[in-house]
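# sequence and predicted model, in that order:
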Amino acid sequence: MRKVLILMILLTGVLQINAQNNFGELHGKVFDENGDPMIGANVYVEAGDRQIGAMTDENGKYKIKPLQAGIYTLNISFIGYQKIIIPGVNVKPDQITFVQDSELEVWSEIMPETIIVEYEHKRIDPEETGKISVSAEALKNSPAQKDIKTFVASMSSDIKTDSEGQLYFRGGRPTSIVYFVDGIKISGNFQTLPSSGVGSISVYTGGIPAKYGDTTSGVIVIESKNYFDLYNQWLYN
């Protein structure tokens, strides 16, 4: 009965969550065992009871969009080949998530039909070296999970906390930090969120995108867990 009530609460929040513009994209490439691009491979993610996917093009590339920000399991298959499953793929809001190249091998009876590949998560984006991102899973496994500010301070040596527990960047003032929580700008001293509701955290210590405005310090972007994150959490716990 308790799980039924929780599920009903989650379902009632769908409209509110969908109203947020927290969509991202998944991009990647699929090759065969000879290193040649695979054309027409089926690539999809599971979102609740739905599948959202695409087919690879002549270069073996695929794009899955739009996707609500959150954690997904990526499935890659082609008739006569082993299926690849990549769990824990983190789609971030208003960003493109690049998945490592996948190689499909011709299936035979002595091989398993499906293999599970670990998602290669990179905290530092090579295209945005001033940005560090972590997922809810990283927060969950951190000793600082109960204090978001302490956790954020552990993400970079440029971030410190003062005697009152407020964050500051490279000697700047705590009030100069700009926070964005689910796209809403919050300036000044930010009252932390419960870690159980955080889906991802991104910190900009330099090269701040124009969309976040002008700041002399840094930007912290927090996205709360979406419906599918909460649904999967309820389903498997």
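Received the coordinates, thanks.
# quick one, what contacts the residue nearest the centre of the chain?
For the chain, Asn90 is the residue whose C-alpha lies nearest the centre (Cα atoms, centre = their mean; 2.8 Å). Applying Cβ atoms under 8 Å, 6 or more residues apart in numbering to Asn90 gives the contacts Gly70, Ile71, Thr97, Tyr119, His121, Ser133, Ser135, Ser200. (Glycine included, C-beta is placed from N, CA and C.)
# one more: Ile201?
Neighbouring residues of Ile201 by Cβ under 8 Å, 6+ apart: Ser133, Val134, Leu139, Ile148, Phe151, Val152, Met155, Ile220, Val221, Ile222, Glu223.
# from those, which ones fall inside helices?
Residues of the contacts of Ile201 located in helices (DSSP state H): Leu139, Ile148, Phe151, Val152.
# quick check: the residue nearest to the centre of the chain is in a strand.
Yes. Looking at Asn90 with DSSP: H, G, I helix; E, B strand; the rest coil, it is inside a strand.
# which residues does it bridge with?
Residues in a beta bridge with Asn90, per DSSP bridges, are Ile71.
# related to what we said a few turns ago, and the contacts of Asn90 as a markdown table, adding neighbour count?
Shown next, in a markdown table, are the contacts of Asn90 (neighbours: other Cβ atoms under 10 Å):
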| residue | neighbour count |
| --- | --- |
| Gly70 | 28 |
| Ile71 | 22 |
| Thr97 | 22 |
| Tyr119 | 17 |
| His121 | 15 |
| Ser133 | 22 |
| Ser135 | 21 |
| Ser200 | 26 |
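# now, which of those lie within strands?
If you go by DSSP state E, the contacts of Asn90 have Gly70, Ile71, Thr97, Ser133, Ser135, Ser200 in strands.
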